[in-house]
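In: Pasting the sequence and the predicted model now:
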Amino acid sequence: MSEKQELSIPQHEAPNSDDLPEGWLRVGSLDMDAQGIARRPDGKVVFIEGALPFEVVSVQVGRKKNNWEQGTVTQIHSESSQRVTPGCPHFGLHAGACGGCKMQHLEASAQVAIKQRVLEDNLWHLGKVKADTMLRPIEGPTWGYRYRARMSVRYVIKKGEVLIGFHERKSRYIADMKVCRILPPHVSAMLMPLRALIAQMEARETLPQIELACGDEVTAMVLRHLEPLSDSDKDKLRAFGEKHQVQWWLQPKGPDTVHLLDTGGPQLSYGLPDFGITMPFRPTDFTQVNPFINRVLVARSLRLLNAQKTERVIDWFCGLGNFTLPIATQAAEVLGIEGAETLVARSRDNYARNQADRPEGQALAPTSFVARNLFEMTPAMLVADGTADKWLVDPPREGAFALAKALAELHENHELRQGWTPPQRIVYVSCNPATLARDAGLLVHRAGYRCVSAGVINMFAHTAHVESMAVFELA
Ligand SMILES: C[S@@+](CC[C@H](N)C(=O)[O-])C[C@H]1O[C@@H](n2cnc3c(N)ncnc32)[C@H](O)[C@@H]1O
Ligand code: SF4
């Protein structure tokens, strides 16, 4: 927590506790780490793990600074009506609790409301932007949604057992996860058999990680191995794969070395049925974590984009074409730009395959894909990409600062434009409300846009992660 953040907490978010018995605290709101925020009678702010807004609690303080303290709730004197029983036995504040979820003690709809407030606060405090309207949050299943996960693996020699899962709260140890409610149920049910499998393998001490990637039909697991695997270990993987319907991929070194244990199986893919699109992918490609929400997100984004048959659209940070291909079912021409060469190659393949499978009269619009580092965009590059009527922007956590800045510079200096005109509408999808807010500030205050709407997407239920979107129109 930076000094600035500590001091900028508004009074209503951390109400005073001077009318309460000594040591009791009244909680105002939650911070981005799902910690309750309270204020001591002397004005000091206290961040409290396990406390919810409107609760009155006692706290055991861990860290102390001049202006703030951080601690853990020890007793709840007055409980929030939105407190619920956590759905997973590994969730909690106890020693060994899993650090994967932070909000299971709060009702799902209240989690979404808090995320919406985080978005609005960020837009206002960091970007000085207020959306004309807030969009209805995009919600989906709150359990069994996590189709992608990187799980650590450790063989604990002393106990002779294997742990597989996420890290314990505030620790480098792996939680003793026997089930996981946010993973798909069939994967959760596989955790203990997976532990038994690894424990039987000769290579058990040199297998640090399993990466999970589920498609609509195929469950893929990428096993990182530091030493070559013996034939007998490979056979154990095959037997497990057959029994549990897992497609094994092996990773002996860096990401480029990922390959199938046995070729010839079904292909990992997900569908976007609203658009008649199927997206084959490799387990290490970027794909959205939650396929249920992704379908709604793509449909909502395209509705907001409202691309017409006469329009050219650019999809920035296009990945494997998750938005690009659906846009190509509606626009006249599409350009997808992405940093990772492998994803650009995948998006080209996916375009060609989908085009070949389209029904008569429903061909995809002409679409090209380009590999480029978009953190280094300049006004000249933007002009060279040509005029587009609309943009879809879906950057990584760092945001799309260079892109927004180039747009601002072209707005401020007409001579640079050379006949180029800015997009009429931008739909910006974000996994980090702080960078969205920063870029929104540039678009609104320097590039001539209005923020017409914004909203949250509950892509990662029970975690503090905020996924959001905003729509900008040329004013
Ligand atoms: C949030 S993902 C979105 C991908 C895609 N729109 C989707 O929905 O699957 C962000 C994408 O930005 C790409 N990326 C990250 N850094 C980049 C950079 N500097 N320049 C261009 N692309 C970058 C990543 O490879 C990733 O595909
Ligand atoms: S990540 Fe899984 S195991 Fe960990 S608390 Fe969440 S649901 Fe439970």
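Out: The structure has been received and is ready for your questions. Ligands and ions are numbered 1, 2, ... in the order given.
In: Surely I114 is in contact with G28?
Out: No. In this structure I114 lies outside contact range of G28 using CB atoms under 8 Å: 12.0 Å. C-betas here are computed from N, CA, C, even on glycine.
In: what sits in contact with each of those two?
Out: Jointly contacting I114 and G28 under the rule CB atoms under 8 Å, 6 or more residues apart in numbering are P53.
In: for the chain, longest strand please?
Out: strand 68-78 (DSSP state E).
In: what comes into contact with that strand?
Out: 1, 6, 24, 35-36, 40, 44-51, 54-63, 83, 93.
In: Mind giving me the ChimeraX command for buried ones among those?
Out: ChimeraX command restricting those to the buried ones, with burial defined by 16 or more other CB atoms under 10 Å:
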select :1,24,35,36,40,44,45,46,47,48,49,50,51,54,55,56,57,58,59,83
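In: Just the endpoints, please. Distance across stretch 417-428?
Out: 23 Å (CA to CA, to the nearest Å).
In: Next: stretch 306-320.
Out: Start-to-end, stretch 306-320 (CA to CA) is 21 Å.
In: is ligand 1 contacted by it?
Out: Yes. Using CB under 6 Å from any ligand atom, stretch 306-320 reaches ligand 1 at 317-320.
In: Run through the residues of this structure sitting next to ligand 1.
Out: Proximity of the chain to ligand 1, by CB under 6 Å from any ligand atom, involves residues 286-288, 317-320, 322-323, 338-340, 343, 373-375, 394-396, 431.
In: now these: which count as buried?
Out: Buried among the residues of the chain next to ligand 1 (16+ other CB under 10 Å): 286-288, 317-320, 322-323, 338-339, 343, 374, 394-396, 431.
In: Which of these fall in strands?
Out: Among those, DSSP E puts E338 in strands.
In: So what does the closest residue to ligand 2 within the chain have for phi and psi?
Out: Nearest to ligand 2 in the chain, going by CB to the nearest ligand atom, is G100, at a distance of 2.4 Å. Backbone torsions for G100, taken as degrees, to the nearest 10, come to phi -70, psi -30.
In: Closest one of the residues of stretch 306-320 next to ligand 1 to ligand 1?
Out: Using CB to the nearest ligand atom, the residues of stretch 306-320 next to ligand 1 come closest to ligand 1 at G319, 2.7 Å.
In: Give me the below-cutoff pLDDT ranges for the stretch 201-350 of the chain.
Out: Residues of the stretch 201-350 of the chain meeting the criterion pLDDT under 70: none.
In: Tell me which stretches of it form helices.
Out: Assigned by DSSP state H, counting those that start in this stretch, the helices in the stretch 201-350 of the chain fall at 231-244, 291-305, 324-328, 341-357.
In: does any bit of stretch 133-141 sit next to ligand 2?
Out: No. If you take CB under 6 Å from any ligand atom as the test, stretch 133-141 misses ligand 2, and the best it gets is 13.1 Å.
In: how's the chain carved up into domains?
Out: Annotated domains of the chain cover 3-78, 124-140+271-474, 148-214+219-260 [automatic domain parsing].
In: Tell me which of those domains sits most buried.
Out: Comparing the domains of the chain by mean neighbour count (mean count of other CB atoms under 10 Å), domain 124-140+271-474 ranks first with a mean of 19.
In: Mind jotting down where the strands sit in the stretch 351-475 of the chain?
Out: Along the stretch 351-475 of the chain, counting by DSSP state E, counting those that start in this stretch, strands occupy 367-371, 390-393, 425-430, 449-457, 467-474.
In: neighbouring strands for the first one, and are they parallel or not?
Out: Next to strand 367-371 in the sheet, as set by DSSP bridges, lie strand 333-338 (parallel).
In: List of residues touching the partner strand?
Out: By CB under 8 Å, 6+ apart, strand 333-338 touches 311-319, 321, 324, 327-328, 344, 347, 365-372, 374, 385-386, 388.
In: Check stretch 170-181 too.
Out: 87-90, 96-100, 143-144, 152-154, 163-168, 187-189, 191-192.
In: One more: stretch 397-416?
Out: 316-317, 374-383, 393, 395, 417, 420, 422, 428, 430-432, 435-436, 438-439, 442-443, 446-448.
In: Just the endpoints, please. Distance across that stretch?
Out: Taking CA to CA as the criterion, the two ends of stretch 397-416 lie 29 Å apart.
In: same check, this time on stretch 82-100
Out: Stretch 82-100 end-to-end distance (CA to CA) = 21 Å.
In: now it, how far from the centre of its chain.
Out: Here stretch 82-100 is found 21 Å from its chain centre; the criterion is CA atoms, centre = their mean, to the nearest Å.
In: any idea of the mean pLDDT in it?
Out: If you average the pLDDT over stretch 82-100, you get 94.
In: now swap in stretch 408-419 and tell me
Out: Here the average pLDDT along stretch 408-419 is 94.
In: just how off-centre is that stretch within its chain?
Out: With CA atoms, centre = their mean, you get 34 Å for stretch 408-419.
In: Helix or strand next in line after the longest helix seen in the chain, which one?
Out: Criterion DSSP state H: the longest helix present in the chain is helix 108-127. Toward the C-terminus, helix 108-127 is succeeded by strand 133-134 as the next helix or strand (DSSP states H and E).
In: And the contacts of that next one?
Out: Taking CB under 8 Å, 6+ apart as the rule, strand 133-134 contacts 116, 120, 452-455.
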